[in-house]
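In: Provided below for reference: sequence and predicted model.
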Amino acid sequence: MWTRLDLKLRGKAAFGRNYWTSVGVAFVMFLFGGAFLSRGANSRSDSYEGFHHMHSMSGAESMAVALFALIVTAVAGIISLIFTILKIFVGNLLLVGGSRYFILNQTENTSAGVLGYGFQSGQYVNIVLIMFLRTLFTRLWTLLFVVPGIIKHYEYLMIPYILAENPGMGRQEAFLISKRMMMGQKWEVFMLDLSFLGWRLLEAITFGIVGVFYVEPYYQATMSELYAYNRSVAYQQGYIR
């Protein structure tokens, strides 16, 4: 069984050997893998704050404020929709390409061009569909209860890495392999995530600077080491080829 220290030491060494490329790839994964989508969605809820003050207005002022709020809400909704579309049809492909980069970077100096692997693999539709379903299923479970949503997040965690090496793999097989890879270690991976909490706080304090130049590539490299371990176990047990 892996240990947090071992994975993090391996990850740190891997991205350190190809530092600037790893920084760039991790930044793209962060930027297009969800950051835009979250900001777009959050901006929509902010537009409602003005309604709390409308009770003190009347007549034309109230109508003007309501119209303005409606326009802002519509614009925010359109922006959020655009970000969602980008996430589905571009961001998820870059996430798979970035996962492939960090897998290959464990043993060789890999170029940033690997980011485009999802577009170049000839399996664009398959990757888009599986990654979309991964996000959809996780969010549906989260809507039911938070804890099952977290469990599903970790259960599906290996899917981008699986697709990075097997872009033509079917949906059921990809989900099943990720589920088997994560069986019995979701809590350990959750604790692995928590071990980055101090770095995340430092990232917030420095307005993301430490995150861009250290934390994100460090984290992505560490998670690719987790996948490498799980893949070797999967080969030994015979449920992945």
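Out: On my side now, so go ahead. Residues are numbered from 1 along each chain as shown.

In: now for the longest helix belonging to the chain, which elements pack on it?
Out: If you go by DSSP state H, the chain has its longest helix at helix 59-86. Using 3 or more CB pairs under 8 Å, 6 or more residues apart in numbering; DSSP states H and E as the contact test, the elements touching helix 59-86 are helix 36-46. Where you see a C-beta, it was placed from the backbone N, CA and C, and this is true even at glycine.

In: in this structure, what secondary structure element scores lowest on mean pLDDT?
Out: Least confident helix or strand of the chain, by mean pLDDT, DSSP states H and E, is helix 36-46 with a mean of 43.

In: rounded mean pLDDT for the longest helix of the chain, please.
Out: Average pLDDT, helix 59-86: 83.

In: flag every buried residue along that helix.
Out: 69, 72-73, 76, 79-80, 83-84, 86 (16 or more other CB atoms under 10 Å).

In: kindly reformat those residues as TSV containing distance to Val23.
Out: Supplementary listing: these in TSV, determined by distance: CB to CB, whole Å:
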residue	distance to Val23
Ala69	41
Val72	36
Thr73	37
Ala76	31
Ile79	28
Ser80	29
Phe83	24
Thr84	27
Leu86	22
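
In: residue boundaries of the helices in this structure?
Out: Using DSSP H, helices in the chain cover 4-17, 19-30, 36-46, 59-86, 92-104, 117-120, 124-144, 146-155, 159-165, 171-182, 186-194, 197-205, 209-210, 216-237.

In: need the least confident one among the ones you listed, by mean pLDDT.
Out: Mean pLDDT per stretch puts helix 36-46 lowest among the helices of the chain, at a mean of 43.

In: any idea which of the helices of the chain gets closest to Ser111?
Out: With CB to CB as the criterion, Ser111 lies closest to helix 19-30 of the helices of the chain, at 6.8 Å.

In: quick one, that closest one and helix 4-17 angle?
Out: Counting by axes from the mean of the first three to the mean of the last three CA atoms, to 10 degrees, helix 19-30 lies at 110 degrees to helix 4-17.

In: so what touches helix 19-30?
Out: 14-15, 94-95, 98-99, 101-102, 105, 109-112, 114-115, 211-213, 216-217, 219-221 (CB atoms under 8 Å, 6 or more residues apart in numbering).

In: likewise for stretch 114-122?
Out: 25, 28, 92-94, 96-98, 100-101, 104, 124, 127, 163-164, 167-168.
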